[in-house]
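Participant: What would the 3D arrangement of this be:
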Amino acid sequence: MNRRLSGKGKPEILEQSMKKVISSFSFVLFLISLTLLFLLIKKKEMETVPLSSDPVTPIEAMLAVPEKEEPIGSGEKSPDLPDEDQTNTAVLSVSMAQTHAASPTGAAESGTENLPWHSYHGSSTLTGSSPVSLPGSLVPLWQTDAEGAVLGTPVYSGSAVFFATVKGSVFAVDPEGEFLWSAKIITGEKADGTPRFASFEVPLLYLEGTVYACDADGTVIALDAAAGNELWRSFLDITVLGAPNYKLVSRNGMAPEISIYIIDQTAGALYCLDGATGEKKWISETGVGRCEASPGVYDEYVLFGSCASALHVFSSSTGKHLYDLPLGNDAQVASGVAISDGKGLSGSRNGNLVLIDLKEEKTIWDTRLSRHEIFSTPAVSNQWVVVGDENGSLYGVSFATGEKRWETSLGGSVLSPVIVGDHVAVSADGSLYLLTLASGERSWSYALSDEITSPCVAGNMLVVGSSDATVTAFAGNRKGEEGI
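Facilitator: Numbers count the residues shown, from 1 in each chain. Alright, predicted model coming up:
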């Protein structure tokens, strides 16, 4: 049976219906609010998760540079260092200043900006090459001051640049040239009782979060790359002129075992240190005589030349002297030996460039390039070899045949070149040059001072030290000006 509503009852029914609608609408709004809040929280969580799946090392995390939209400027001058009458064994200065991270311009291959430059010539094989692509001209990106001449090529961890001075200081700066830390190294006491500071002319070595510094008197110091505190030191009581080198061995997923190789300049003996503790693993029983060169390290081989006009091959594991390969008359070696695909490359005093096969123990080719000494370490990449002589000439050579493809005169003694993509970067007579790899044609140059180091490839930058106590970084610019 249908019920009829009186006029008096209708407003009450409508009022109740409206209350139900409002209540339902409020509940819907509440659900929508909860959903939006949940989505906002998830979005925030996603923003905090790194986009890369690559693991971040503690060193990279500690030295990571925050991004800000600020123009790139010159690096700050480092704080004043302690006077030489202080007696502490290592004086550390740490800057907590804000840094900026406007990316330097220039075309770098994706993923290459953080590639380390471990030694003065890149990796343990001393091939001096990088996949980074540079434009044909560069401009100064930043310049930072040191308290003494910088004679050894800087090194790069992927997040910081390290360099040392002849006055015993080791510095770390970020990729924008901003000061991170410095350590002043005391190695003894003078006759008058004042501290004797180290003198670093030998290039540094960076490896696995540690910076290794070696002075001419054979004192090796390991510093924490994150903060600059000293980890250990080893006094070898030898004269060292060549740069130290390294080998990494990974065992059963454990932390890599690090070996550091150093040559005694007087006797030509090879020293091997434990990279974690500084303890001597072994000293080669055989010395090869006076040696001012740097060793190349590849697999089970350590290869270097000497004043005996020969290349010497030792076991990287035991220090056993494996064999010598004579280079002929007046063929003394005073540079590093690059190793590519199991083959060693070396220049010599007689102006020759030689390629040897390490396993076959034989010479593959021997090319006469110059009437002047070749005391630079060859750079090797994509079947190219580039090397310079003491008279200012730079040569492009075929790796396969030893045939000279081009020659370019730069003027002044040529230091160890590096191959960067399809360009060659090289220092000569206080100037930094860029050349086209395929032709040797000069595309850019920049005069810095009387004496500069060979370049370090730090991401998409070239970094050089100078005898005028500065370190300068160069990168490409968007407009293509040469900046000379």
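Participant: Within its sheet, name the partner strands of the longest strand anywhere in the chain and how each one runs.
Facilitator: When the chain is parsed with DSSP state E, its longest strand is strand 179-189. Applying DSSP bridges to the sheet, strand 179-189 is found paired with strand 90-94 (antiparallel), strand 169-173 (antiparallel), strand 195-197 (antiparallel).
Participant: Mind exporting the C-alpha coordinates of the host helix or strand of Val387 to PDB?
Facilitator: Assigned by DSSP states H and E, Val387 belongs to strand 384-388. Extracted in PDB, the C-alpha atoms of strand 384-388 (Å, rounded to 0.1, in the frame of the first residue of the first chain):
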ATOM      1  CA  TRP A 384      97.500   5.500 -32.700                       C
ATOM      2  CA  VAL A 385     100.700   6.200 -30.800                       C
ATOM      3  CA  VAL A 386     101.600   9.800 -30.000                       C
ATOM      4  CA  VAL A 387     104.900  10.800 -28.500                       C
ATOM      5  CA  GLY A 388     107.100  13.900 -28.300                       C
END
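Participant: Given it, what are its sheet partners and their directions?
Facilitator: strand 379-381 (antiparallel), strand 393-398 (antiparallel).
Participant: Give me whichever of those is most buried.
Facilitator: Among the strands paired with strand 384-388, strand 379-381 has the highest mean neighbour count (mean count of other CB atoms under 10 Å), at a mean of 26. Yep, even glycine has a C-beta here, placed from its N, CA and C like the rest.
Participant: what mean pLDDT would you report for that one?
Facilitator: When pLDDT is averaged over strand 379-381, the result is 97.
Participant: what sits up against it?
Facilitator: Applying CB atoms under 8 Å, 6 or more residues apart in numbering, the external contacts of strand 379-381 come out as 121, 127-129, 338, 340, 345, 385-387, 399, 416-419, 424, 437.
Participant: Okay, and which of those map to helices?
Facilitator: Judged by DSSP state H, the contacts of strand 379-381 include no members of helices.
Participant: Let's see which of those residues end up in strands.
Facilitator: Ser129, Ala338, Ser340, Leu345, Val385, Val386, Val387, Val418, Ile419, Val424.
Participant: just curious, which of the residues you listed is nearest to Ile364?
Facilitator: Leu345 (9.8 Å; CB to CB).
Participant: burial measure for the closest one, as a count.
Facilitator: Under the neighbour criterion other CB atoms under 10 Å, Leu345 is assigned a count of 27.
Participant: Just list the residues touching it, thanks.
Facilitator: Val337, Ala338, Ile339, Leu353, Val354, Leu355, Pro378, Val380, Val385, Val387.
Participant: likewise Ser398?
Facilitator: Gln383, Trp384, Val385, Arg405.
Participant: So, low pLDDT: which residues of the chain?
Facilitator: 1-112, 478-484 (pLDDT under 70).
Participant: all strands for the stretch 201-350 of the chain, in order.
Facilitator: Taking DSSP state E, counting those that start in this stretch to define them, one finds strands in the stretch 201-350 of the chain at 205-207, 210-214, 219-224, 230-235, 245-249, 257-263, 270-274, 280-283, 296-298, 301-305, 310-315, 321-326, 338-340, 343-347.
Participant: list the helices and strands the first one packs on?
Facilitator: I take that to be strand 205-207. When contacts are defined as 3 or more CB pairs under 8 Å, 6 or more residues apart in numbering; DSSP states H and E, strand 205-207 sits against strand 155-156, strand 210-214, strand 245-249.
Participant: Okay, angle between the second one and strand 257-263 too, please.
Facilitator: In this structure, strand 210-214 runs at an angle of 20 degrees to strand 257-263, with axes from the mean of the first three to the mean of the last three CA atoms, to 10 degrees as the basis.
Participant: Please list the outside residues in contact with strand 210-214.
Facilitator: 155, 162, 164, 170, 172, 185, 198, 200, 202, 204-206, 220-225, 231, 240, 244, 258, 260, 262, 275.
Participant: and with 6 Å instead?
Facilitator: Under the contact criterion CB atoms under 6 Å, 6 or more residues apart in numbering, strand 210-214 has outside partners 162, 164, 170, 200, 202, 204-205, 220-223, 225, 240, 244.
Participant: Neighbour count and distance to Val150 added to the contacts of Ser398, as TSV?
Facilitator: TSV is the format used below for those (neighbours: other CB atoms under 10 Å; distance: CB to CB, whole Å):
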residue	neighbour count	distance to Val150
Gln383	11	33
Trp384	19	29
Val385	27	28
Arg405	16	33
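Participant: need those residues in JSON lines with distance to Asp299, can you?
Facilitator: Formatted as JSON lines, the contacts of Ser398 follow (distance: CB to CB, whole Å):
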{"residue": "Gln383", "distance to Asp299": "21"}
{"residue": "Trp384", "distance to Asp299": "23"}
{"residue": "Val385", "distance to Asp299": "20"}
{"residue": "Arg405", "distance to Asp299": "29"}
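Participant: What is the nearest of those to Trp444?
Facilitator: Closest approach to Trp444 among the contacts of Ser398 (CB to CB): Trp384, at 19.2 Å.
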